[in-house]
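Enquirer: Here's my sequence, what's the structure:
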Amino acid sequence: MKASLFFTLSLLVVYVASQGNLCTVQVPINPLTATGLASLYFVSGAGCTQNQAVATTFVQGAFIDPATGIISVYNPLAVQAGTNAAAGCTPIVPTLPNGAVVGLWFGSNSNAVQLMADPTGVSLTQGNCVNGGVNIFGQFAYCNAVNFFATANAAIQSGKLVVPTLGTAPDGMPCPTNRDFFVVDQDPSDNVVTQYLMIPSTGLLCQNTATNRMNNPTGVALSNAGDEKLLALAIDGAFGATHCPAWKVNDAADPVNGALAANQQASLPTNELFAQYRQQAPIAMVPDGDPMAQELGVNNLAKVNLYRAGVGQAPSVPGTFFISDTTGYCNQLLTIAPPRLLLNQALFLATGSPLATAANSLYTFLGQRLQMSWMILNCTGLLNLPNPVTQVTLNQTTGVAIAVTVTQVQAVNMDCALIVPDGVLSAAGLATPFQLTSINGNGACHQSNTNQQAFVQGAVIDTTAGAIYVYNPLIIDQGTTAMVTPITPILPQNNVIALWFGFNGNTLTLQGAQAQTLTNANCVTGSAVSNAGIFGQFSYCNALNFFAAANAAIAAGQLVVPPLGTSPKDGLPCPTVRSFFVVDQDQSDNVLTTYLNVGGNTIQNTLANRNMFVGTGNMLKQMLLITD
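Expert: Have a look, this model is predicted:
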């Protein structure tokens, strides 16, 4: 995604033809063959001018030989509809190995790009081409990428294809990949590395090969100013090829004497494979808040995964490492990008901008890009933290960013504490709000922050009648008062109360309001060795006594456990929380409690409160994503 204000703000609109410039690319027949690669792609649409840098659309091509694992680049030429290639620049027909698997990726400097079939109507089907979901991605599309990455991964696993090692940058840190939160913006892996050569005298284009550059010394390079180029040319270039060499492969569009030349190119697929095998956690992948992965502005997991498939990323699966949570994405942006940007400020100020119409240096380019990414993903709303880029100074005549102010805003504290009221195993104790607070000086903890929300699940068993009741105590921020006073429950005369805790962050530590509070309530947080051995997101109070009372009631016939039904779909018994169909790596953690958020205030989710604040409350839920 470009850093210029116009291009970045264009992501705030939905990618449909009625909004902004939509460039249509006609894919030639048989696009995954040698003749298809050498055929011209025709670009049309209002404002879609192929010889102007701000509107050029590009095609990135690559093929892999399954027998040897060798990857080569071949970037087809996209020209203005109704024109041809520049004189002497007719694309050569590449020689493809037997069984070669071809992938194609598309990027545009305009607002959006959409693929269309050739006049026979079959080329998109032949190319396994993907524009997006119900609506297009935006500036990105691809053909046969899934098969390309599958073949490449098989070659890597068999040892035929070797992914280069990741070097060390001059700042002493690992060289970045395009899944590094230092590199990515709100839509990682969009756009391509392809460049075209524009001949000023005619405005026509050539493939940007060594031969064509030699034959056309006045040619002007047009490039797709996105993530791929930013990494492969600008950032790696600033750090230096001896430290951070890009993974380059032979360019099949530029043969010498019938063989591939030494002329090599970086590419989207090799960048992605490099990142897949070399990027260490945290790993940035397409988030669900990425406008390109949404449908009409609404998060859409299917479209997120369709986008990810085109760039070789693992699908987003709730409850796994590969989730697409935008809040976590924002938090990693905040933790990683500003410190490294400031660390390399002098170097990047002395490095030219990858897009001169957007910024006057690599530093101002990255700073402006970070500021806009933060805004587009609504990171301030998700984290309740300010933008780490507090000011961008523009040249009043050209609109080019000439200075940025970057600050290191403290990231979200994922380790919080919960103050348990004294006498919590009583009616008055249950009705006393629990208080969320910070524990380690790493920043405040707030119930309004999705990543820091804590939950208490309470249950009471009547040991005389065997009946079970639920009462979920309220949690508020320390130092605040409850907007709506919790109801004091009426408890049976003979009862056993228990509490279970869940957390949307990493670790939740219980603290007693008094010295003996946790001991008196039989609270368990894990190991007895201070905080080093706590469970993490889970803890409980008096649960052993509760289950003992419940099991006694069941044995006496006072409490009847409902029968397990049968699924109408598969004929199997309905699952429980101890079914291997349901559990994950830490079964039975977290709780079912929900709260209402009214103007930043947490209240109990009761019928009375819902009726009182109808239309104004947002539900706070215990996340089912495992983050510890």
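
Enquirer: Does anything pack onto the one helix or strand residue 149 maps to? Which helices or strands?
Expert: Secondary structure here is read from DSSP states H and E; on that basis residue 149 sits in helix 145-158. Using 3 or more Cβ pairs under 8 Å, 6 or more residues apart in numbering; DSSP states H and E as the contact criterion, the elements in contact with helix 145-158 are strand 57-64, strand 101-108, helix 268-278, helix 301-310. For the C-beta atoms, the positions are set from N, CA and C on the backbone; glycine is no exception.

Enquirer: Walk me through which strands the first one pairs with, and which way each runs.
Expert: Each strand paired with strand 57-64, and its direction, by DSSP bridges: strand 71-73 (antiparallel), strand 101-108 (antiparallel).

Enquirer: In PDB, could you pull the C-alpha coordinates for it?
Expert: The C-alpha trace of strand 57-64 is given here as PDB (Å, rounded to 0.1, in the frame of the first residue of the first chain):
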ATOM      1  CA  THR A  57      -1.000  -1.300 -13.000                       C
ATOM      2  CA  PHE A  58       1.600  -4.100 -12.900                       C
ATOM      3  CA  VAL A  59       1.700  -7.900 -13.300                       C
ATOM      4  CA  GLN A  60       4.200 -10.100 -11.400                       C
ATOM      5  CA  GLY A  61       4.900 -13.500 -12.900                       C
ATOM      6  CA  ALA A  62       6.900 -16.400 -11.600                       C
ATOM      7  CA  PHE A  63       7.200 -20.100 -12.400                       C
ATOM      8  CA  ILE A  64       8.800 -23.100 -10.600                       C
END
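
Enquirer: which secondary structure element contains the closest residue in space to residue 517 that isn't next to it in sequence?
Expert: Counting by Cβ to Cβ, 6 or more residues apart in numbering, the nearest residue to residue 517 once its immediate chain neighbours are dropped is residue 422, at 4.8 Å. For residue 422, there is no helix or strand it lies in under DSSP H and E.

Enquirer: now do residue 125
Expert: Here residue 125 is covered by helix 123-126, with elements defined by DSSP H and E.

Enquirer: how about low-confidence regions in this protein?
Expert: Along the chain, segments meeting pLDDT under 70 span 1-20, 225, 256-262, 318-323, 440-442, 527-533, 579, 583-589, 614-628.

Enquirer: any idea how it splits into domains?
Expert: According to automatic domain parsing, the chain is divided into the following domains: 5-324, 325-412, 415-555.

Enquirer: Pull the distance from the first one to the chain's centre.
Expert: On the basis of Cα atoms, centre = their mean, to the nearest Å, domain 5-324 is displaced by 19 Å from the centre of the chain it belongs to.

Enquirer: can you tell me which residues contact the residue nearest the centre of the chain?
Expert: What sits nearest the mean C-alpha location of the chain, by Cα atoms, centre = their mean, is residue 287, with 2.6 Å. Under the criterion of Cβ atoms under 8 Å, 6 or more residues apart in numbering, the neighbours of residue 287 are 186, 293, 304, 324-326, 329, 377.

Enquirer: Can you show me the strands along the stretch 351-500 of the chain?
Expert: Taking DSSP state E, counting those that start in this stretch as the criterion, the stretch 351-500 of the chain contains strands spanning 389-394, 401-406, 415-420, 434-438, 454-462, 468-470, 475-477, 495-503.

Enquirer: Save the ones you listed as a markdown table, and put in mean neighbour count and distance to residue 116 too.
Expert: As requested, the strands of the stretch 351-500 of the chain are arranged in a markdown table below (neighbours: other Cβ atoms under 10 Å; distance: least, Cβ to Cβ, whole Å):
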| stretch | mean neighbour count | distance to residue 116 |
| --- | --- | --- |
| strand 389-394 | 16 | 37 |
| strand 401-406 | 19 | 35 |
| strand 415-420 | 22 | 52 |
| strand 434-438 | 21 | 53 |
| strand 454-462 | 22 | 50 |
| strand 468-470 | 14 | 57 |
| strand 475-477 | 21 | 54 |
| strand 495-503 | 24 | 49 |
